[in-house]
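In: take a look and give me a structure for this.
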Amino acid sequence: MQALILAGGKGTRLRPYTTVLPKPLMPIGDMPILEIVLRQLKSAGVNSVILAVGYMHQLFQSFFQDGSRYGLTIEYSFEEHPLGTAGPIALAMEHLEDDFIIMNGDLLTTLDYVSLYRHHQENNAAATVSLHRRTVDIDYGIVDYDNNNKLLGYREKPSFHFDVSMGINVLNKSSIKEFISPDRYLDIPDLMMKLTESGKLVSCYRSECEWLDIGREDDYKMAIDIFENNRNSFLPDIP
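Out: This is a model prediction of the structure:
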């Protein structure tokens, strides 16, 4: 198995922290979030990782080097300017396996990568999107009414449930090749819709796992607490 990890963003929502460190190198407990991701991927059977880097790329190379201390082979793909969440695929295309995981490098999750990858291959999908159920609580009374201003419904402080993208996907190289161009900005949602509109199968895989995107300060602080209190669920094989 192989993973392409997106680590080139500037993490503007986490400033001032990210003026010193890129977001994937922010510490969660005693290690950077990206190190947790790498250790999880290795445990799941991933042997080859490509880090798509840009902002402060030299720090990633200094910290992770060739990946040998994690039992991985790590290569680096460099963005001279932002290419979105799918554009970096073009820079790494010749090094990618037929099916590969592509994911953000700033996620704290207990996702079963093996089950996700197996789901993708068993469905012979062009792409697979991993989903997580999120609940949004509204602290107000929600009023529904028609075009004549007649009351239809009144819901006091309702909760809404959504399946959101986890930022972890599996792609089939040959299926996406025609939609990827060198040096062209492209985001994953746009790629997924192009695949769907062309008649290719984009499968969805929902997981009942822990998942946090540390893009905001509140989520980052929450991730630290969750990891410190449940370390074994994230890194069961590491003391």
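In: can we go C-alpha only for contacts and neighbour counts from here?
Out: Fine.
In: number of residues surrounding residue 219?
Out: Neighbourhood size, residue 219 [other CA atoms under 10 Å]: 14.
In: these two touch, right, it and residue 211?
Out: No - Residue 219 is beyond contact range of residue 211, at 10.4 Å (criterion: CA atoms under 8 Å).
In: could you give the secondary structure assignment for residue 24?
Out: At residue 24 the chain is in helix, as set by DSSP: H, G, I helix; E, B strand; the rest coil.
In: what residues does it make contact with?
Out: Contacts for residue 24 (CA atoms under 8 Å, 6 or more residues apart in numbering) come out as 7, 32-34, 105-106.
In: how about the residues you listed in a markdown table, adding neighbour count?
Out: Shown next, in a markdown table, are the contacts of residue 24 (neighbours: other CA atoms under 10 Å):
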| residue | neighbour count |
| --- | --- |
| 7 | 28 |
| 32 | 16 |
| 33 | 22 |
| 34 | 24 |
| 105 | 27 |
| 106 | 27 |
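In: which of the residues you listed fall in helices?
Out: Taking DSSP state H as the definition of helices, those contribute 33-34.
In: so which pair among the contacts of residue 24 is furthest apart in space?
Out: The distance between the two most remote of those (CA to CA) is 12.4 Å, for 7 and 32.
In: show the pLDDT at the residue nearest to the spatial centre of the chain.
Out: Nearest to the mean C-alpha position of the chain, by CA atoms, centre = their mean, lies residue 167 at 2.8 Å. Per-residue pLDDT puts residue 167 at 96.
In: and for residue 236?
Out: Per-residue confidence (pLDDT) for residue 236: 76.
In: one step back: give me the contacts around the helix or strand hosting the residue nearest to the centre of the chain.
Out: Using DSSP states H and E, residue 167 falls within strand 159-172. Here strand 159-172 makes contact (CA under 8 Å, 6+ apart) with 98-104, 116-117, 120, 125-138, 206, 211.
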